[in-house]
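S.K.: sequence-free structure coming up:
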């Protein structure tokens, strides 16, 4: 027996720990819950190192399926918790910055991966700093209690809850000065010129001069101002439109956080000259729209995007309409996704997902959408001496599935159009019920009501970031006339000569980027019978449907002057370049009338992004 030995407190603590472990192991092994999850956190900063608030961060799994999506807070921080160990892709989009992409971000059990994301105008970057033990620990609460009871080990076992640990990673809060009232300011200024068609589905996105400005006010409110103004290329008469949208930033994660939009537009129409339109006069068209929209996460894999607008249109008389719309997306994970959409009334152009071959910039999509919405006035026509507004009721459902670099989509739709309006050109006097068109020397003619159903199926193949090739097969209702010679130019006679039919169409689309030059391009062509009108369908869901004929879009980034902090780019758009899909009719006196749904349009311009 040892004498003169007195055990130290550290020895007693270790002995107690060993005794508890030996006794608790067989009892707790069955109930121990091992957490095998990891997390990803990071910061998004701009070129000057300031955190970017409101940047969209998307997390995609190895099957190119969206797992989570969030927005950065006022300091540019974000986080994804409870992630299954795997390889993920992180995508970051922010207005007026080039999108950032990071593939192969590994998530390990019980570890937190830290990302440093720097956005720039030309090339954005994401760096994986390091991985550290995260909130998902392999240690149960019972083990933590045992170790805390040891006085010798207590100083090294202090820890913070997961929420406090996340806050500790962020920069300390700073008091806002007067100069920080408006933060995260981005904008677009576009100048353009050229021909512009006036079809519901193909109007090019501005009237001459367009701008959009986005900013955060006091760090909790997002405000966007946009305008579109210019002069008619046909007669020099002015037109203008302005929109203001508002949304609370701090309530992004709440269930109900709508965006409110107020839009006003005014277009001056030429006086009806007696030699072309007969008597009467129409001075201008004024419209005001108050709308709201919101995205609600109904379940983990179900998202609802819905809204409505109250539209008031004044032309000779005042007309008021309510136009609701909704889009439900169900993510089936490995099985793909399903989208179902509904809209009624005056179409909400910014809601439509089909870009119909047009190029888009991920960093400025919301700004472009607001400018585009201002370029499309409601389709006004006259029937029996009364002004009418074209309204649609649309139902559609679409299925999507990605196979790595390949993707397929298939959908069906049903469209009911009231007071459908088509562009009409004439070699002489226009018939009654034709009103002048703002964009050209042609007119707008009311062909009555139109109902059709159809389907569209597409397959696409990506070749890296250089090119995407898509092939689309569709079938839907068209307008056809077998009698080219009219008995009279009475509007009723013209409407009777047009009947509904069905027709197949095959479309091909090629889009991508030119290496080194930084040129973005998109080209599409539709093969169909152009002896009939093929009205285009604006899809709510992500189903592609190019315009009729040959369409080309080009966007080229150019060096900006030294005094500019943003970037510049030039663009050119050509729609229905071969002028296909014009339906000719001949009156008894030898005049030629042509009904056009997809007018040819040529447009070019320069844009400044800041």
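M.R.: Yes, it's here. Note that the structure is a prediction, hence the values are computed from the model and not measured.
S.K.: And the closest residue to residue 61 other than its chain neighbours, how far from residue 88?
M.R.: Once flanking residues are discounted, residue 61 sits nearest to residue 67: 5.3 Å by C-beta to C-beta, 6 or more residues apart in numbering. For glycine as for every other residue, the C-beta is placed from the backbone atoms N, C-alpha and C. Going from residue 67 to residue 88 by C-beta to C-beta, to the nearest Å gives 7 Å.
S.K.: Spit out the residues that contact these two alike.
M.R.: 59, 60, 61 (C-beta atoms under 8 Å, 6 or more residues apart in numbering).
S.K.: Pull the contacting residues for the second one.
M.R.: Residues in contact with residue 60 (C-beta under 8 Å, 6+ apart) are 66, 67, 88, 89, 90, 91.
S.K.: rerun at 6 Å
M.R.: Residues near residue 60 by C-beta atoms under 6 Å, 6 or more residues apart in numbering: 66, 89.
S.K.: Run through the bridge partners of it.
M.R.: In this entry, residue 60 is beta-bridged to residue 66, residue 89, by DSSP bridges.
S.K.: Could you count how many residues lie near the closest residue to residue 341 other than its chain neighbours?
M.R.: Nearest residue to residue 341 in three dimensions, chain neighbours excluded: residue 540, at 3.1 Å (C-beta to C-beta, 6+ apart). Residue neighbour count, defined by other C-beta atoms under 10 Å, stands at 28 for residue 540.
S.K.: Residue 327 is in contact with residue 540, correct?
M.R.: Yes. Using C-beta atoms under 6 Å, residue 540 is in contact with residue 327, at 5.4 Å.
S.K.: Need the overlap of contacts for the two.
M.R.: Residues touching both residue 540 and residue 327 (C-beta under 6 Å, 6+ apart): residue 341.
S.K.: where in this structure is pLDDT low?
M.R.: Counting by pLDDT under 70, the ranges of the chain that qualify are 1-35, 121-123, 129-180, 195-207, 232-236, 250-255, 269-283, 349-365, 439, 563-564.
S.K.: Parallel or antiparallel, which strands does the helix or strand where residue 415 lies pair with?
M.R.: Using DSSP states H and E, residue 415 sits in strand 406-426. Under the criterion DSSP bridges, strand 406-426 sits next to strand 391-403 (antiparallel), strand 443-463 (antiparallel), strand 592-596 (antiparallel) in its sheet.
S.K.: Of all these, which one is nearest residue 319?
M.R.: Of all the strands paired with strand 406-426, strand 391-403 sits nearest to residue 319, with 10.2 Å by C-beta to C-beta.
S.K.: tell me which residues in that closest one are buried?
M.R.: Applying a neighbour-count criterion of 16 or more other C-beta atoms under 10 Å, one finds 391, 392, 394, 395, 396, 397, 398, 399, 400, 402 buried in strand 391-403.
S.K.: can I assume the first one is in contact with residue 417?
M.R.: Okay, so that is residue 391. No. The criterion here is C-beta under 6 Å, and residue 391 misses it with residue 417 at 7.4 Å.
S.K.: what is in contact with the two at once?
M.R.: Applying C-beta under 6 Å, 6+ apart, one finds that no residue jointly contacts residue 391 and residue 417.
S.K.: which residues of the protein fall in helices?
M.R.: For the chain, the helices defined by DSSP state H occupy 9-28, 141-148, 162-169, 365-374, 491-496.
S.K.: excluding its backbone neighbours, what's nearest residue 607?
M.R.: Distances taken as C-beta to C-beta, 6+ apart put residue 190 closest to residue 607, at 4.4 Å, once the chain neighbours are dropped.
S.K.: Equivalent analysis for residue 293, please.
M.R.: Closest to residue 293 by C-beta to C-beta, 6+ apart is residue 307, at 3.2 Å.
S.K.: could the buried residues of strand 391-403 go into TSV alongside distance to residue 108?
M.R.: Shown next, in TSV, are the buried residues of strand 391-403 (distance: C-beta to C-beta, whole Å):
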residue	distance to residue 108
391	55
392	51
394	47
395	46
396	42
397	40
398	37
399	35
400	31
402	26
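S.K.: now, which of these sits nearest residue 322?
M.R.: Taking C-beta to C-beta as the measure, residue 322 lies nearest residue 391 of those, at 10.8 Å.
S.K.: Identify the bridge partners of residue 389.
M.R.: Applying DSSP bridges, one finds that residue 389 bridges with residue 380.
S.K.: is it true that it touches residue 377?
M.R.: No. Applying C-beta under 6 Å as the test, residue 389 and residue 377 come out as separate, 10.2 Å apart.
S.K.: Of these two, which one has the most company?
M.R.: Taking neighbours as other C-beta under 10 Å, residue 389 and residue 377 compare with residue 377 leading, 22 against 19.
S.K.: quick one on the thing from earlier: which one's more surrounded, residue 67 and residue 88?
M.R.: More crowded of residue 67 and residue 88, by other C-beta under 10 Å: residue 88, with 23 against 18.
S.K.: Tally up the residues packed near the residue nearest to that one when sequence neighbours are not counted, please.
M.R.: Using C-beta to C-beta, 6+ apart and skipping the chain neighbours, the partner closest in space to residue 88 is residue 105 (4.8 Å). For residue 105, the count of nearby residues is 20 (other C-beta under 10 Å).
S.K.: Begin at 164 from now on, thanks
M.R.: Sure, I'll start numbering at 164, so the last one becomes residue 268.
S.K.: can you pull the contacts of residue 387?
M.R.: By C-beta under 6 Å, 6+ apart, the residues touching residue 387 are 377, 408.
S.K.: which residues does it bridge with?
M.R.: Counting by DSSP bridges, residue 387 is bridged to residue 377, residue 408.
S.K.: measure it to residue 375 for me?
M.R.: To residue 375, residue 387 is 7 Å away according to C-beta to C-beta.
S.K.: OK, contacts around residue 216?
M.R.: Going by C-beta under 6 Å, 6+ apart, residue 216 touches 235, 237, 347, 379.
S.K.: What does it show for phi and psi?
M.R.: Dihedral pair for residue 216: phi -80, psi 140, per degrees, to the nearest 10.
S.K.: What of the one 10 residues further on?
M.R.: Reported as degrees, to the nearest 10, the phi and psi values for residue 226 are phi -100, psi 10.
S.K.: cool, and residue 628?
M.R.: In terms of degrees, to the nearest 10, the main-chain angles of residue 628 are phi -90, psi 0.
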